[in-house]
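S.K.: 3D, please:
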Amino acid sequence: MNQNPPPVAVAGPPDDEIDLVRYLDVLLASRVLIATIAAVVLALGVAYAFLARPVYQADILVQVEDNPNSAKSLLGDVSSLFDVKAEATAEIEILRSRMVVGKAVDNLHLYIYAKPKYLPFVGAWIASRAKGLSEPGLLGFGGYAWAKESISVDRFDVPESLEGEKFNLVALGEGRYRLEQDSLDQPLEGRVGELLQAEQNAGRFSLLVTDLKAKPGIIFNLVRASRLQTLEKLQDQLKIAEKGKQSGIIGASLDGTDPKLTASILNDIGDEYVAQNIKRKAAEAEKSLVFLGDLLPQLKTELERAEVRYNEMRNKRNTFNLSEEGKAFLQESVTAETSLLELKQKRTELLTRFTATHPSIQALDQQIATLSAIVGGMAARMKTFPNVEQDTLRLMRDVQVNNDLYVGLLNNMQQLKLVKAGKVGNVRLLDNAPVPEEPIKPKKSLTIALAGIVGLLLGVVAAFVRNALYGGITDSQDIEQHSGLNVYATVPLAQQQAILSEEIRLRKRGKFLLADRYPNDPSIESLRSLRTALQFAMLDADNNRVLLTGPTPGVGKSFISANLALVMASGGKRVLLVDADMRKGYLNQYFGQERQRGLSEVLVGKVGFDEAVHRNVFENLDFLSTGVLPPNPAELLLNERMVTLLQEMSKGYDLVLIDTPPVLAVSDTAILAARCGTVFLVTRFEKTTIGEVTESTKQLRQSNADVNGVVFNGLDASAYRYGYGSKYGRYRYAYYGYASEQGKVQG
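M.R.: Numbering: from 1, shown residues only. This next block holds a predicted model:
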């Protein structure tokens, strides 16, 4: 069949504005959804901001000193020049180690969880603002705490298989309590301050409650967690970092909901870290003392031998005075030799702890090589002195060098004894952790603001997702662009149709066509435009039969069919309206007629066409109802009687308008469409999808029927003020004085 040019195109916005306009339309149409989601998320944000338990942060500051004054070096100040700075990462790992953190876990019994039982979500918030002790439960049930109830547990041992399981401890009054859990053979009763021990089938239980403040009936939740898991969790929660590069200042912080406990944990960790450092230094000092204790007798022997040789030389040669040059050389030589020997002794001591590739050893090797070269140069220089002066210089140098080494060794041993006694270390706690007063989160204003923003974003996303998945067509241009079909008319939402539909529902007598009761309604004006376009569309048609259908139910095709028939008849055409929807057709209600004696009776031969047709329901308009709804409508439409009937209809009328079932629902429409010269597809604003239009067109073409065009029905311009206020202004007849009253639905 031939397709005809569409009617004059509707004016719209420039192409570069269409996308933005469509986006605004989607947002406006989904404003209720967006507002709902935003309100829900905002409410959740407000609830979280005010009901969530506040989180506090405590912190400590530790200084790592490279060389404390109390023990700069094991062998004198000169060796400190070659010490390698300890990396902060090593100290950070020590501070985070199980050895240090585990002490805090044990001291504070962090593996024992003991808290009042609160009503979920709001109980803790209410309790934090209450005073005194509360009556237990909610309306007498549940054992919930509502005020300042508290408990202290110093010991709680359970079988390993029950670690992490929750126990209930019920206050009984007068310092008594009852421990309950399914794994217990029977509840265990104990008294505050007394160790409760019991042997059960599940294993051995021990519990020591040191303090209990609650009225009888209040329940406390009690959990014995794994010590290792508690320790590892605390290690993960610790935030430790160096303050500035190579500053030697290390900061540690911890977040928690209990400010006092959080500060206590950090202070215990800091104290244990300092104590472990002192112990470590004491152990190193012990090793060094052993080494120096072995070295001291050797140095003393060397000193005594040097003194004997020097005294023998003086007795042999009486008195010999050095020249000024010799005195200066002696001082330089003693300093160099002493430094060289100290470095060699330091290297020997370090080799007991490190390998030759350690940075400390390699630094010493470089210094030893440098000083050895200096000492070698001095030996060559000494040969320039007279022989007697050379001997004197050599002996005096040996005495002074050995004496300096011996005295320095004695001093260092005294320093090491202080270290060994645990008096000094190379770390100190600069700042203890005070009990934090203000929580770091949640930040109420920020949380509420973010909740509002996130709610709006989620609402917008939901609007576009819903539109993409379930949104129907909102723009006739989409139909033309994606299906290739021309939109012959865009019919605005008929506000007054709600009144007529209510009258039909109440079974009032009369006729209920909008074109009859409200002829100036904007939707009827659109159908008059369709009447003009239809006349051009039928010029090349094979016959005068026009079929109206839709992809799915509820698109308003019956509304379009009935009112278009009256509009065509008002133009002087002799029109027959046929309700061929023998499944759910109801066109008879628009005309106040009965369903019986209609199309189905004609097709089975019970009555003739002339007997079944309702003549002149309006001037120039006849109507043929569905008849009694048959069980086999498709088979009736395939009957040869239908072909004969269609030919008879065409001869007696200028226009035969046939209303059929939805294309995608049943096959009836495809049967009739092949025998009609013109086919129109009725689509619904926000209901029909592009996929449904495409599939309907495909099915009709497979039945040898072409779709001539589309009627876009039910346009609600008020829902899309950004786009349709200008794009479909020609259909909003209020602009031309055709304002109509508010209604609800059509079709």
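S.K.: residues in contact with Leu207?
M.R.: Val153, Arg155, Phe156, Asp157, Leu179, Leu188, Gly190, Leu195, Leu196, Gln197 (C-beta atoms under 8 Å, 6 or more residues apart in numbering). All C-beta spots, glycine's among them, are computed from the backbone N, C-alpha and C.
S.K.: For my notes, confirm it occurs in a strand.
M.R.: Yes: using DSSP: H, G, I helix; E, B strand; the rest coil, the assignment for Leu207 is a strand.
S.K.: Any idea what it is bridged to?
M.R.: Phe156, Leu196 (DSSP bridges).
S.K.: before we move on, the earlier item: what is the nearest of the contacts of Leu207 to Asp258?
M.R.: Val153 (14.5 Å; C-beta to C-beta).
S.K.: re earlier: of the contacts of Leu207 - the most surrounded one?
M.R.: Phe156 (23 neighbours; other C-beta atoms under 10 Å).
S.K.: how about that one, what does it touch?
M.R.: His109, Ile112, Ala114, Ser206, Leu207, Leu208, Leu222, Arg224.
S.K.: Make a ChimeraX selection of the buried ones in those residues.
M.R.: The command below creates a ChimeraX selection of those among the contacts of Phe156 that count as buried (16 or more other C-beta atoms under 10 Å):
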select :109,112,114,207,208,222,224
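S.K.: Now the two most distant members of the contacts of Phe156.
M.R.: Ala114 and Ser206 (14.3 Å).
S.K.: Mark out where each domain of the protein begins and ends.
M.R.: 15-52+442-468, 55-103+236-441, 112-225, 472-736 (automatic domain parsing).
S.K.: can you put the ones you listed in CSV and add mean pLDDT?
M.R.: As requested, those are exported to CSV (pLDDT from 0 to 100):
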stretch, mean pLDDT
domain 15-52+442-468, 87
domain 55-103+236-441, 74
domain 112-225, 92
domain 472-736, 89
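S.K.: which of these is buried the deepest?
M.R.: domain 472-736 (a mean of 20; mean count of other C-beta atoms under 10 Å).
S.K.: hmm, back to that, quick check: of the contacts of Leu207, which lies closest to Arg595?
M.R.: Nearest member of the contacts of Leu207 to Arg595, counting by C-beta to C-beta, is Leu179, at 77.8 Å.
S.K.: so who does the closest one touch?
M.R.: Counting by C-beta under 8 Å, 6+ apart, Leu179 touches Phe167, Asn168, Leu169, Pro187, Leu188, Glu189, Gly190, Leu196, Phe205, Leu207, Leu222.
S.K.: which SSE is it in?
M.R.: Assigned by DSSP states H and E, Leu179 falls within strand 176-180.
S.K.: partners of whichever helix or strand comes after that strand, with directions?
M.R.: Following strand 176-180 in sequence order, the next helix or strand is strand 188-191 (DSSP H and E). Looking at strand 188-191 with DSSP bridges, its partner strands are strand 176-180 (antiparallel).
S.K.: circling back: switch the contacts of Phe156 over to CSV; also include distance to Lys441.
M.R.: Converted to CSV, the contacts of Phe156 look like this (distance: C-beta to C-beta, whole Å):
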residue, distance to Lys441
His109, 26
Ile112, 26
Ala114, 25
Ser206, 37
Leu207, 34
Leu208, 35
Leu222, 28
Arg224, 29
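S.K.: can you tell me which of the contacts of Phe156 lies nearest to Arg597?
M.R.: Closest approach between the contacts of Phe156 and Arg597, by C-beta to C-beta: Leu222, at 83.7 Å.
S.K.: and the closest residue to Val555 other than its chain neighbours, what does it touch?
M.R.: Among residues not flanking Val555 along the chain, Arg684 sits closest, at 3.9 Å (C-beta to C-beta, 6 or more residues apart in numbering). Taking C-beta under 8 Å, 6+ apart as the criterion, Arg684 is in contact with Gly472, Gly550, Gly554, Val555, Gly556, Asn713, Gly714, Gly747.
S.K.: Of those, which belong to strands?
M.R.: Residues of those located in strands (DSSP state E): Asn713, Gly714.
S.K.: got the contacts of Arg684 as a markdown table, with distance to Ser183 columns?
M.R.: Shown next, in a markdown table, are the contacts of Arg684 (distance: C-beta to C-beta, whole Å):
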| residue | distance to Ser183 |
| --- | --- |
| Gly472 | 59 |
| Gly550 | 67 |
| Gly554 | 61 |
| Val555 | 65 |
| Gly556 | 68 |
| Asn713 | 69 |
| Gly714 | 66 |
| Gly747 | 68 |
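S.K.: element containing the residue nearest the centre of the chain, please.
M.R.: Centroid-nearest residue in the chain: Val454, 10.9 Å away (criterion: C-alpha atoms, centre = their mean). Counting by DSSP H and E, the element that carries Val454 is helix 444-469.
S.K.: Show me what that helix is packed against.
M.R.: helix 15-29, helix 31-51 (3 or more C-beta pairs under 8 Å, 6 or more residues apart in numbering; DSSP states H and E).
S.K.: Tabulate those helices in TSV, adding columns for distance to Ser247.
M.R.: Shown next, in TSV, are the helices and strands packed on helix 444-469 (distance: least, C-beta to C-beta, whole Å):
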stretch	distance to Ser247
helix 15-29	53
helix 31-51	37
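S.K.: Tell me which of those helices approaches Gly691 most closely.
M.R.: Across those, closest to Gly691 is helix 15-29 (C-beta to C-beta), at 17.9 Å.
S.K.: picking that back up, with only the CA atoms kept, save the strand holding Leu179 in CSV.
M.R.: C-alpha atoms of strand 176-180 as CSV (Å, rounded to 0.1, in the frame of the first residue of the first chain):
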residue,chain,number,x,y,z
ARG,A,176,24.1,-10.8,91.9
TYR,A,177,23.9,-11.7,88.3
ARG,A,178,22.9,-14.6,86.0
LEU,A,179,24.9,-15.7,82.9
GLU,A,180,22.8,-17.2,80.1
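S.K.: Okay, the residue nearest to Val555 and Leu646: tell me how far apart.
M.R.: 28 Å (C-beta to C-beta, to the nearest Å).
S.K.: what do you get for Asn544?
M.R.: 10 Å.
S.K.: Now list whatever residues contact both of the two.
M.R.: Going by C-beta under 8 Å, 6+ apart, residues that sit against Asn544 and also against Leu646 are Val656.
S.K.: so how far is Phe623 from Val604?
M.R.: Val604 is 20 Å from Phe623, by C-beta to C-beta.
S.K.: What residue, apart from its backbone neighbours, is nearest Gly608 spatially?
M.R.: That would be Val602: by C-beta to C-beta, 6+ apart, it lies 6.9 Å from Gly608.
S.K.: show me the residues around the one you found that make contact.
M.R.: Applying C-beta under 8 Å, 6+ apart, the residues near Val602 are Gly608, Phe609, Ala612, Leu624, Gly627, Arg641, Leu645.
S.K.: go with 10 Å
M.R.: 608-613, 624, 627, 636, 641-642, 645, 648 (C-beta atoms under 10 Å, 6 or more residues apart in numbering).
S.K.: Show me these that map onto helices.
M.R.: Phe609, Asp610, Glu611, Ala612, Leu636, Arg641, Met642, Leu645, Glu648 (DSSP state H).
S.K.: how far away is the second one from Met538?
M.R.: If you measure Asp610 against Met538 using C-beta to C-beta, the figure is 25 Å.
S.K.: One more: the fifth one?
M.R.: Distance, Leu636 to Met538, using C-beta to C-beta: 27 Å.
S.K.: next one: Glu594
M.R.: On the measure of C-beta to C-beta, Glu594 and Met538 end up 31 Å apart.
S.K.: which ones are touching the residue lying closest to Thr669 once chain neighbours are set aside?
M.R.: Using C-beta to C-beta, 6+ apart and skipping residues adjacent in sequence, the residue nearest Thr669 is Thr660, 4.3 Å away. For Thr660, the contact set (C-beta under 10 Å, 6+ apart) comprises 547-550, 557, 561, 578-583, 585, 637, 666, 668-673, 676, 679.
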